[in-house]
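Chemist: Fold the stuff below for me.
(chains A and B)
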Amino acid sequence: MKTKISLILLSFLLACKVIFVAGYDPIIEETATQLQKNFNLHFIKLSRSIQDADPSNQAFVNFQDYYDQMNTDLFVIKSRAKYLDKKGAMVQKQVNNIDSILHDLEKLHKTGFTDSKADDKHDIRNNINSAFEALVRFQEALKPKK
Amino acid sequence: MESINYENILTACIGVAKKEVGKAWKNLKPYAEHEFKQFAENAAFLAQLKFSNTINDNELMVRLNIQRLALNNVLLTIEGIGLLSAQNVVNAVLAIVATAIRTVLGVVLPV
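Modeler: Here you go, the predicted model:
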C-alpha cells in the first residue's frame, strides 16, 4: 500500500512542472531589438536637427520614413503578443507600454520640436531605451534553457 | 522499503531556495539601482526644463507619461524575474522530492 502511494506520488511529481510566468517569443525579442536600434538611429538624427542652426530640419515630415517603419514593427510585435496565453500577460503589458511610448513620441514630434541647446531630450532617449531593455531582459530570462 | 530522510530533503530544498533567490537578487540589484537612479535624474531634468519655461505643460505631461510607462516596464521585469526565480525554486524542490522517493523505491524512471 505504502509503495503504491509512493509510486502515485512519484508519477505525479515527475509529471509536475510549475509555471507561474511565460511569454518568450523569438519574434518579440528580435522585433524589440530592431525597434530599439531604429529608435536610437532616429534619435541621433533628430537630436542633431534640434541642436543645429536650422529651425526647420526637425519637421515631422522629414522623419516620416522612420515612423512608417516604427508602426510596421509595432504592428508585428503587438500581433505576436496578442496570442500569448494569460501567463504571458506581463510581456503583453510591456509590449503595449512600448506601443504607447512610441506613439507618444510620434505625437510629440507632430506638435513640433523647436531648436534648443538647453533641452537635448535625453530623458526621452533614456526612458525609451529603459522600456526596451526591460522587455529584452525579461525575454532573455524567459527563454527556455538548453 | 527504505524510509525517506526528511532532514536531507529539507536541507537540500533550503539550499536550492537560497541559491536561486540569491542568484536572482544578485542579477537584479545593479539593474534596479541603475534604472531607479536614471529615472530620478530624468525627473529632475524635466522639472528644471519646466521651471525655466523651456517646455510647456503639454510637453511635460507627454514626457512624464513616457517616463511612467518605461518605469512600469522595468518594474514588470523585476517582478517577472522574481516570479521566475520562485518558479525555479518550486520545480527544484519537486525534483528533490521525486528523487528522494525514487531512491527509496529503488526504481529507475525517465525524468
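
Chemist: center of chain B, which residue is that?
Modeler: With distances taken as CA atoms, centre = their mean, chain B has residue B:82 as the residue nearest its mean C-alpha position (2.4 Å).

Chemist: Identify the residue nearest that residue in space, chain neighbours excluded?
Modeler: The shortest distance from residue B:82 to any residue other than its chain neighbours is 6.5 Å, reached at residue B:24 (CB to CB, 6 or more residues apart in numbering or on different chains). Yep, even glycine has a C-beta here, placed from its N, CA and C like the rest.

Chemist: Near that neighbour, how many other residues are there?
Modeler: Look at residue B:24: counted by other CB atoms under 10 Å in any protein chain shown, it has 20 neighbours.

Chemist: quick revisit: average model confidence for the host helix or strand of the residue nearest to the centre of chain B?
Modeler: For residue B:82, the host element (DSSP states H and E) is helix B:57-105. Mean per-residue pLDDT for helix B:57-105: 91.

Chemist: for stretch A:50-67, same thing?
Modeler: Per-residue pLDDT values over stretch A:50-67 give a mean of 93.

Chemist: buried sites along it?
Modeler: Buried residues in stretch A:50-67, counting neighbours by 16 or more other CB atoms under 10 Å in any protein chain shown, are found at A:50, A:58, A:63, A:66-67.

Chemist: does it come close to chain B?
Modeler: No: using CB under 8 Å from any CB of the partner chain, stretch A:50-67 never reaches chain B; the gap is at least 12.0 Å.

Chemist: with the buried residues of stretch A:50-67 in mind, which one is nearest to chain B?
Modeler: Nearest to chain B among these is residue A:50, at 12.0 Å by CB to the nearest CB.

Chemist: unless I'm mixing things up, residue A:38 is touching residue A:66, no?
Modeler: Yes: taking CB atoms under 8 Å as the contact criterion, residue A:38 and residue A:66 are neighbours in contact, 6.7 Å apart.

Chemist: follow-up on the earlier one: against residue B:16, how distant is the residue nearest to the centre of chain B?
Modeler: Counting by CB to CB, to the nearest Å, the gap from residue B:82 to residue B:16 is 16 Å.

Chemist: Likewise for residue A:49?
Modeler: 55 Å.

Chemist: Could you name the helices and strands sitting against the helix holding residue B:82?
Modeler: Packed against helix B:57-105 by the contact rule (3 or more CB pairs under 8 Å, 6 or more residues apart in numbering or on different chains; DSSP states H and E) you find helix A:2-15, helix A:89-111, helix A:122-142, helix B:6-51.

Chemist: Quick one: closest of the ones you listed to residue A:34.
Modeler: With respect to residue A:34, and counting by CB to CB, the nearest of those is helix A:122-142 at 10.2 Å.

Chemist: For residue A:111, the count of nearby residues, please.
Modeler: Residue A:111 has 11 neighbours, counted by other CB under 10 Å.

Chemist: Name the nearest residue to it, sequence neighbours excluded.
Modeler: Per CB to CB, 6+ apart, closest to residue A:111 is residue B:58, 7.2 Å.

Chemist: what residues does stretch A:49-56 touch?
Modeler: A:57-58, A:62, A:113-117, A:119-121 (CB atoms under 8 Å, 6 or more residues apart in numbering or on different chains).

Chemist: out of those residues, which are buried?
Modeler: Judged by neighbour count, with 16+ other CB under 10 Å as the criterion, the buried members of the contacts of stretch A:49-56 are A:58, A:113, A:119, A:121.

Chemist: Using the three-state scheme, assign the second one.
Modeler: State at residue A:113, reduced to three classes by DSSP: H, G, I helix; E, B strand; the rest coil: coil.

Chemist: do the first one as well
Modeler: Three-state call for residue A:58 (three-state DSSP): coil.

Chemist: Next, give phi and psi for residue A:61.
Modeler: phi -60, psi -30 (degrees, to the nearest 10).

Chemist: downstream neighbour of the helix ranked longest in chain A in the secondary structure list?
Modeler: In chain A, assigned by DSSP state H, the helix with the most residues is helix A:26-50. Heading C-terminal from helix A:26-50, the first helix or strand you meet, by DSSP H and E, is helix A:64-82.
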